[in-house]
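Peer 1: with the input below, show me the fold.
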Amino acid sequence: MKIVFMGTPDFAAASLRRLYEDGREIAAVFTQPDKPKYRGMKLTMSPVKELALERGTPVYQPQTVRDGEAESILRAIAPDVIVVVAYGRILPQPILDIPPMGCINIHGSILPRLRGSAPVQWAVLNGDREAGVTSMYMAAEMDAGDMIFITKTPIGEDETAGELYARLAGLGAELLLETLDAIGQGVAPRIPQDHSQATYAPPLKKDMSPIDWTRSCREISCHVRGLNPWPVATAELFDTVLKVYAVKTEQSKTDAAPGTVLSAGEGGIQVACADGVVTILEVQAPGKRRMAAADYLRGRRLCL
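Peer 2: Presented below is the predicted three-dimensional model:
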């Protein structure tokens, strides 16, 4: 089975690495163009490109997949199947029609819920108890194709979006092998999605960061965990906007208004919310490193 792989971030690299480890035939890799990153704005390769080059696989980085160039390249390669994992491009129908075994996508949610670019983060932000990965045949509409297999996993009470993302990347890689085997054997199912149940997971934005202390303990915990590692929750405390990486919660009665700092010391920074107390455990001040809230307080000689 000749495979063309399309993907960009670490989530996709996990699937590509598993294909290599399993000895699959990777004819070519498509990934996003190199992008400037970090303070020096140096052009940086995607994790998928780095891995493909290490393995000696031809890499293509078209600016668009809609001008006919990518289609021509793919027709010349003549893959049996195209595998797409977090590529960052919606494939037009002429490309979807090229491989005789179809275009297969590994998506980081339990479809039809959380279609879109940030399903893992929104699963945490929404307070879902369960997450998963779905393999599906691709359609022209985003994440709307017939499903093949689904793998589900509980979301830990303290699990961040970054931690869940890494776990689902591994689960997705194994699901991809199972899916390709089923396709090769001609036994892969086609399960239509119930489009009436579809929800969406739009890209995260920095303006989502501020914590709303009028929300419940659980909602604030989900907010902090869902925005970790990016764009990270924030709170304005002690006349400084702090990034908040970790909290613990306690549902208890307090007469203090939401957002009131109740205490600040070795145990962290306790803040009143709608139905209890949130203790901030880990923060980062502007221009400083990430640290325990207690260490930040010692540096400022603060105690309430």
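Peer 1: all strands of the stretch 201-304 of the chain, in order?
Peer 2: In the stretch 201-304 of the chain, the segments counted as strands under DSSP state E, counting those that start in this stretch are 233-237, 240-250, 261-265, 268-272, 277-284, 290-292.
Peer 1: return the residues in contact with the residue nearest the centre of the chain.
Peer 2: By C-alpha atoms, centre = their mean, the chain has its centre lying nearest to Val120, at 4.6 Å. Val120 sits next to Gly108, Ser109, Ala131, Ala161, Leu164, Tyr165, Leu168 when contact means C-beta atoms under 8 Å, 6 or more residues apart in numbering. No exception for glycine: its C-beta is placed from N, CA and C like everyone else's.
Peer 1: ditto for Tyr165
Peer 2: Each residue near Tyr165 by C-beta under 8 Å, 6+ apart is listed here: Asp10, Phe11, Gly108, Val120, Gln121.
Peer 1: okay, buried residues for the helix ranked longest in the chain please.
Peer 2: Of all segments of type helix in the chain, defined using DSSP state H, the longest is helix 161-184. Residues of helix 161-184 classed as buried by neighbour count (16 or more other C-beta atoms under 10 Å): 161-165, 167-169, 171-173, 175-176, 179-180, 183.
Peer 1: from these, pick the one nearest Pro229.
Peer 2: Among the buried residues of helix 161-184, Gly162 lies closest to Pro229 (C-beta to C-beta), at 4.3 Å.
Peer 1: what sits against the closest one?
Peer 2: The contact partners of Gly162, taken as C-beta under 8 Å, 6+ apart, are Asn228, Pro229.
Peer 1: ok, now how distant is it from Tyr87?
Peer 2: 21 Å (C-beta to C-beta, to the nearest Å).
Peer 1: give the next helix or strand downstream of the strand or helix carrying Ser15.
Peer 2: Here Ser15, judged by DSSP states H and E, is contained in helix 10-21. Once the chain leaves helix 10-21, the next helix or strand it forms, by DSSP H and E, is strand 25-30.
Peer 1: could you say what helices and strands that following strand packs with?
Peer 2: Counting contacts by 3 or more C-beta pairs under 8 Å, 6 or more residues apart in numbering; DSSP states H and E, strand 25-30 packs against strand 2-7, helix 10-21, helix 47-54, strand 59-60, helix 69-77.
Peer 1: list the buried residues for it?
Peer 2: Buried, per 16+ other C-beta under 10 Å, within strand 25-30: Ile26, Ala27, Ala28, Val29, Phe30.
Peer 1: counting contacts, what elements does the following helix or strand past it pack onto?
Peer 2: Next along the chain after strand 25-30, taking DSSP H and E as the criterion, comes strand 35-37. Judged by 3+ C-beta pairs under 8 Å, 6+ apart, the packing partners of strand 35-37 are strand 42-44.
Peer 1: what separates the strand it packs on from the chain centre, distance-wise?
Peer 2: Chain-centre distance of strand 42-44: 22 Å, with C-alpha atoms, centre = their mean, to the nearest Å.
Peer 1: that strand pairs with which strands, parallel or anti?
Peer 2: If you go by DSSP bridges, strand 42-44 pairs up with strand 35-37 (antiparallel).
Peer 1: and this protein, what are its domains?
Peer 2: Domain segmentation of the chain under automatic domain parsing yields 2-201, 206-300.
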